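# Attaching a predicted model along with its sequence, questions to come.
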Amino acid sequence: MGDNVKTPVPAESRQAVDDPWSGTVAAACEGSRAAQGRLFADLRKYLRSRAGVVLDRELQVKVSPSDLVQETLMEAYRAFDKFEGKTRGELILWLQGILKNQVKMAHRRYRGTGKRDMRREERVDYRGSRASRWSPVDGAATTPSGQMHKNEQVERLERAIAKLPPRQEQVVRLRNELRLTFEEAGKVLGCSAGAAEKLWTRAVDRLTRELNDEK
Amino acid sequence: MRNETDPSDPSANENGEFPAAYCKLLVAYDAGERDSAGSEALAGEYLERLEANQACLDILHEAWPQEPPAEPPAEIEPAQALGDFQIVREIGRGGMGVVYEAEQLSLGRRVALKVLPFTAVLDEKAITRFKNEARAAATLEHPSIVPVFAVGNERGVYYYAMAYIEGRTLAEVVTALRQKSGHVGAPPVSSAKTLDVGLSEATPAAADTEPQLEAALSTLPDYGSREYHTSVMRLGIQAARALHHAHERGIVHRDIKSGNLMVDTEGKLWVTDFGLARIESEAGMTVTGDILGTLRYMAPEQADGRTSVVDHRADIYALGITLYELFALRPAFDAKERGQLLRQIEREDPPTLRKLNATIPTDLVTIVEKAIAKEPAERYGSAAALANDLERVLEHRPILARPPGLIARIGKWSRRHVAAVWAMCVVLILATITATVGNVWVSRANTVAQAALAESQSNLEEADRQRALVEARAAENQAVTDFLVTAFKSPDPHLLGEEVTVAEVLVEAEKQLESKLAGQPLVQATLLAAIGETRMGLGMYYEAIVPLERSYSIRLRELGPSDDDTLEAMVTLSNAYYVAERSVAMPFAERTVEAHREVFGGSDERTLRATSPLILMYSRSTPQHQEAAVHLATLALSARQATLGPDDSKTLAAKQTLGNALLYKNDIDQAISLFKEVVEDRRRLLGSQNAQTISSMAQLASACFKADRVAESAELLDEVVDTRMKLYGANHPTTIRALVDQHAAHSNAGHKEIARKIGTDAVPAMLDRGRYAQALHMAHTDEMQKLVDSALTQDIDKVPPGIDRTVVAELLLHCGKISEACEVMELATRKGGAIYMFKTKGICQFAARHSQAADAAFRRSLRARRLENGNYNLEGANPDELTSAYFLDLIDKNTFVAELSDSKRYSGLPWLYVGMRHEYEGRYIDAKMAYTRCVEESHYSNMPKIALYRLDRLGMLNHEDVGSIE
């Protein structure tokens, strides 16, 4: 499995001082299970949103995206010594590679090969449906604390983000949720930092409109 | 698939691009630069845009705050301390867990400390569940269960501390034995490095010195010898007893296998790792190589992962597989690939033990085969039963296990036993027929039954039926008697085997009817009706329906639709549909009444009798139906008054029926005055100690209760309970029903002490009968745990379908057994059901996060309210329907609460469900607030009881988890 998901070693190393994660990534590379766990816990939600996007809708009846993420992380635990990067962006890229493999295996297992081009990503209503269907109708009126208010805001944001095209969603998540630099985000997305910036600008603009529609 | 650039977007240029300057400004803002230099270069339209986009970024920043990662939790090294535990050395390491030998500093004892390094992979819910399960496991005290000392979280590391056992796992013992006895050919049981990486390796003491293995082995005689089999049986008995102990407390191990059973140096058996199985499977083992070691022992229902019910019988299966392995020195299923292994588990029987081990006693083969049956129902019902059978072999007594099926089982018995079974059948069927025909030889001992029968007859006005049946054809009766006499021989009930139940006997009788009475359909029909009615009497409503349907269709075919007997069968069947809560009940009852009207006319006594179940059904349905019910009941009453006079017992029964219909329609005062008339009349005509008089008093009492005249109600019920105790005894259903009402009346009248005493006296008996709804009503708040515990170990087949099963499901929900609760409701509603059942089913599915299934169930419960255009008319909806509407977001919380705020009885109910919904949405603080409101708002005690219980459970979480969960 590790063969398919080899990470390109980056030419320029990120400014280690600024990156709050560099210590944790380094510890994880040295084999600290705890540091790996900390990183994975942080990336779990992001991976889940990816799994929801790249996994066929019909297949989600048989394989839940959460399960795939769990398999992905288990696999990553086992194969962490094969990870050759230094930054969290590279780690995300590596994990995405494993996830992609898991998805491929799931597709193969349930419907044979070659039926689907993995690059053709479609939005499926997996995450959006729950959020919108079960979102509390009475929330704002009764929120007891700022914490609750924030939860609602996050929910509204998630609903709006779910309406973005997949790559726009991804770039917002990479940049703002996972706080990658545009260079790192570009690597994950397979484009240059400049292209990532432009994609992100469009995404933010679109998100602004979706948020307004939410209101 | 959407385009990434929006062509309708006016402010992006032709390429869908923003100007580079714009891009830079937004990126800078995102990076925290608040200096707006450069914005002047932008065109006006972009300026406004920029501000909007910056506001959007503010929201993003607030939602996803920039926080430095917390200090990564420290690695644990030998000589380190983890909380109260001082690590001594690592004794085992696998893919999934590291086990250390450690010392518990505060108590100075030696422990095996299992550290779970993978918790970051799991979501918080799974971790919470792990903690709850481990805590539950920690309460187990049994000489063969390795005690769990502690479970906790220290610096981000979850650990599980159990007693340190000096010994070896059975997996290691088997491997050693294989080598010793030169077993070749079959694959190894546990080739730790290739297949079972992890657990068997990571069990405590795994890395210990060889002498321990020697010691463990020395307690086992040579493989294949009689002594070896005896030793294995002894180990099996210990393991089964330990499992039974846990099962009785509602705890299922879920991962019994040779790697989790240890033999210590004295040869004593220990079960380890209680409370760990679920977390390990959730950690993803199910998909990777590690699973094979565990999967090999998994029961089919557990391995396929589709069914949510994994109960104690999965443990029994796994123990059976382990015993197989010990007897065969090879695994029962040996595939090396996951898919293949699953296929074996699901479809194939393992090679018979006899082939692999020539010296094994036949009884042991039978026992193991029964334990590892694919169907849970065909396995031992309890681990204790398995232990008992193993003991029987040790003591050279005949075992109870037999190939499944009554006939096969009986086949092995002596002829005398067969006779006994048939005798039982004769007694039963005769008793049924006697009761219905009203035969003279109902003995003195049956007075109680008779009185009860009379009462139920007065309610459903079945007295006529006796006459109808007495007039039944003499020839047919003769044929029935002949069948019974030839089919069932000499009565000797004392010789009955312990496993034959009345229900099984009826199944057999039903089968025999087919062949032995093939040429006499009408006789078949009579007997099928008798079987159906007996099942109704046993509370087996679903099972009653098939014979009653057949009886009806035979008569329809043989006698035509207008025959008295056919119509009779219709009435019985529509009653059965009603109690079984089948959706066809109402239309069928309507057809029944229609058919009677056509044959006998509208005011004929037989038509009126057929009408009464329909009135009852209408009364429990929508307001329009309730209107119709009152109308029908009024017609019936005036017809009887005209033909029979005001004092006839049937006239009085009709008056009572009308009162009931009015009560449902909420014309309470009118209902009360009617009931009062009936009570007075019956007292005058029949006396105060009469069953029918008492029945009408009970009705009056419940009407008073509904009118909030609780003291009056309590007084009446005191008399009702008193008399019924005398007439029927304390355990009779009607006595119990009265007790429930008496309890409610007293507690609402503020007679707390009296109420509590009534409740405490009655709850155990009710739980014993599976009457959970009643038990819930009567239990004191302190006794909720008792109910939950009982629900956890309840054999659901023994709970009456309908409200009681629904309550069991809710109790399971309340203690976190969500998938079990789902399964209970799935079964309960398989053939339709009442509104409240679908509501509860919806909540279970909601809790399990199956949002589509939840949706469907809630919508099903609102079916009667659905309009042509797909919307719902919620006017006058009952509390259950409102609850469903709330979960579907058809109404919001405030409406839900407001709808019921005027009802004294239900004012607390919305808050309870609001709390549950919040809880399942993970909004624990809101849930707590709602539960607190429920306690405050409720007038009566049922809702707060549950709310307090939930609060208590949430409180337990509170100490450390709530923060992290949110």
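Yep, it's here. Numbers count the residues shown, from 1 in each chain, chains lettered A, B, ... in the order given.
# For the top helix by length along chain A, give the mean pLDDT please.
Assignment by DSSP state H gives helix A:88-111 as the longest helix of chain A. Helix A:88-111 carries an average pLDDT of 81.
# Point me to the residue of chain A nearest chain B.
Using CB to the nearest CB, the single residue of chain A nearest to chain B is residue A:37, 3.0 Å away. In this view, the C-beta of every residue, glycine as well, is placed from N, C-alpha and C.
# all helices of chain A, in order?
Going by DSSP H, chain A shows helices at A:22-29, A:33-54, A:65-78, A:88-111, A:126-133, A:139-142, A:146-161, A:166-172, A:182-189, A:193-214.
# Mean neighbour count added to those helices, as TSV?
Shown next, in TSV, are the helices of chain A (neighbours: other CB atoms under 10 Å in any protein chain shown):
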stretch	mean neighbour count
helix A:22-29	19
helix A:33-54	22
helix A:65-78	23
helix A:88-111	20
helix A:126-133	16
helix A:139-142	13
helix A:146-161	17
helix A:166-172	23
helix A:182-189	22
helix A:193-214	20
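# So which elements touch the longest helix of chain A?
helix A:22-29, helix A:33-54, helix A:65-78, helix A:182-189 (3 or more CB pairs under 8 Å, 6 or more residues apart in numbering or on different chains; DSSP states H and E).
# Mind putting those into JSON lines with distance to residue B:675 and mean pLDDT?
Formatted as JSON lines, these follow (distance: least, CB to CB, whole Å; pLDDT from 0 to 100):
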{"stretch": "helix A:22-29", "distance to residue B:675": "75", "mean pLDDT": "83"}
{"stretch": "helix A:33-54", "distance to residue B:675": "60", "mean pLDDT": "79"}
{"stretch": "helix A:65-78", "distance to residue B:675": "57", "mean pLDDT": "76"}
{"stretch": "helix A:182-189", "distance to residue B:675": "76", "mean pLDDT": "86"}
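# right, so of the ones you listed, which gets closest to residue B:104?
Comparison of the helices and strands packed on helix A:88-111 against residue B:104 by CB to CB identifies helix A:33-54 as nearest, at 22.5 Å.
# Let me know the angle separating the closest one from helix A:65-78.
Helix A:33-54 and helix A:65-78 are oriented at 140 degrees to each other (axes from the mean of the first three to the mean of the last three CA atoms, to 10 degrees).
# Can you pull up the most central residue in chain B?
Nearest to the mean C-alpha position of chain B, counting by CA atoms, centre = their mean, stands residue B:824 at 3.6 Å.
# Next, format the helices of chain A as CSV and append distance to residue B:686.
Formatted as CSV, the helices of chain A follow (distance: least, CB to CB, whole Å):
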stretch, distance to residue B:686
helix A:22-29, 85
helix A:33-54, 71
helix A:65-78, 66
helix A:88-111, 71
helix A:126-133, 59
helix A:139-142, 57
helix A:146-161, 63
helix A:166-172, 78
helix A:182-189, 86
helix A:193-214, 70
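# Stretch B:857-865: end-to-end distance?
Taking CA to CA, to the nearest Å, stretch B:857-865 runs 14 Å from one end to the other.
# Which pLDDT value goes with residue B:818?
Confidence score, pLDDT, at residue B:818: 89.
# Report the contact partners of it.
Each residue near residue B:818 by CB atoms under 8 Å, 6 or more residues apart in numbering or on different chains is listed here: B:812, B:844, B:847, B:848.
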